[in-house]
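> Based on what follows, work out the 3D shape:
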Amino acid sequence: MSRFTCVLVLCCFAALAAAQSQQGPGENQAPPRSDERNREAGESSSRDTRIDLSPPKDDTKNHPESGAAVSDAESDASPDSDVQEFHPWDPHKALKDIEVGDFYFKRKNYRAALERYREALFYKNNDAIANLRLGQCLEKLNKPDEARLHYQEYLKILPHGPLSEEAHKALDKLNAKEAKDQGSAASQPKQ
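Have a look, this model is predicted:
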């Protein structure tokens, strides 16, 4: 029986020691820092290291055509080129803008909703939902031509999407209203 008790006590001490070693540094002990290890090893931290991006001294001699390539690249960035500016692509920000736009739309603040949907399209330019919601806003603000463009853009992105039927109905409604307006304008006598 005493052997069993001794083994049991030793197992408890071993388990206690293992648990304390897994907890990490004690209350009064500071966590290990990479700065201290680097100083001890005589190395510098990566934050102190600067990378020299200047070209080598003999770069123009070794690459005589590089000046022409740089000037071509700069001329391609002129206002006449296709790519004029880069802007951020952030689908999470776009989704948040759509959510906020929906909040404003439900409260009938169509101008605020319009701005949020446009901002969503800035961060994700081919977002189908933002285009559809923008079309709805523009329709409420009595801008049918712009609304029609955004409904069509939604259908171009998701022709068989979950809201494509809604987009088709809105387009049909806008087209019917335009035809009615043109018909009534033609039937009025000119003075």
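
> longest helix in this protein, by residue count?
helix 164-187 (DSSP state H).

> How about residues contacting it?
Leu132, Gly135, Gln136, Glu139, Pro144, Ala147, Arg148, Tyr151, Gln152, Tyr154, Leu155, Leu158 (CB atoms under 8 Å, 6 or more residues apart in numbering). C-betas here are computed from N, CA, C, even on glycine.

> Remind me which helix or strand the second one belongs to.
Secondary structure assignment for Gly135, by DSSP states H and E: helix 128-140.

> State the distance from the residue nearest the centre of the chain to Asn125.
The centre of the chain sits closest to Asp90, judged by CA atoms, centre = their mean, with a distance of 0.7 Å. Using CB to CB, to the nearest Å, one gets 11 Å for the distance from Asp90 to Asn125.

> list the residues that contact both of these two?
Counting by CB under 8 Å, 6+ apart, nothing touches both Asp90 and Asn125.

> Name the next helix or strand downstream of the helix or strand bottoming out on mean pLDDT in the chain, please.
Ranked by mean pLDDT, DSSP states H and E, the weakest helix or strand in the chain is helix 34-41, scoring a mean of 56. Under the assignment DSSP H and E, the closest C-terminal helix or strand after helix 34-41 is helix 59-62.

> Just the CA atoms of that next one, as CSV, please.
The C-alpha coordinates for helix 59-62 follow below in CSV (Å, rounded to 0.1, in the frame of the first residue of the first chain):
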residue,chain,number,x,y,z
ASP,A,59,22.8,50.3,-64.4
THR,A,60,22.6,52.7,-67.3
LYS,A,61,25.7,51.1,-68.9
ASN,A,62,24.4,47.6,-68.4
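
> which residues touch the spatially closest residue to Pro88 that is not a sequence neighbour?
Among residues not flanking Pro88 along the chain, Tyr123 sits closest, at 6.3 Å (CB to CB, 6 or more residues apart in numbering). Neighbour list for Tyr123: His87, Pro88, Trp89, Asp90, Pro91, Lys93, Ala94, Asp97 [criterion: CB under 8 Å, 6+ apart].

> Quick check: of these, which has the highest neighbour count?
Sorting the contacts of Tyr123 by how many neighbours each has (other CB atoms under 10 Å) puts Asp97 first, at 24 neighbours.

> Spit out the contact partners of the nearest residue to that one once chain neighbours are set aside.
Spatial nearest neighbour of Asp97, excluding adjacent residues (CB to CB, 6+ apart): Ala120 at 3.8 Å. By CB under 8 Å, 6+ apart, the residues touching Ala120 are Lys93, Ala94, Leu95, Asp97, Ile98, Gly101, Asp127, Ala130.

> Determine which two of those residues are furthest apart.
Lys93 and Gly101 (12.3 Å; CB to CB).

> And Glu65, how far from Gln182?
For Glu65 relative to Gln182 (CB to CB), the value is 61 Å.
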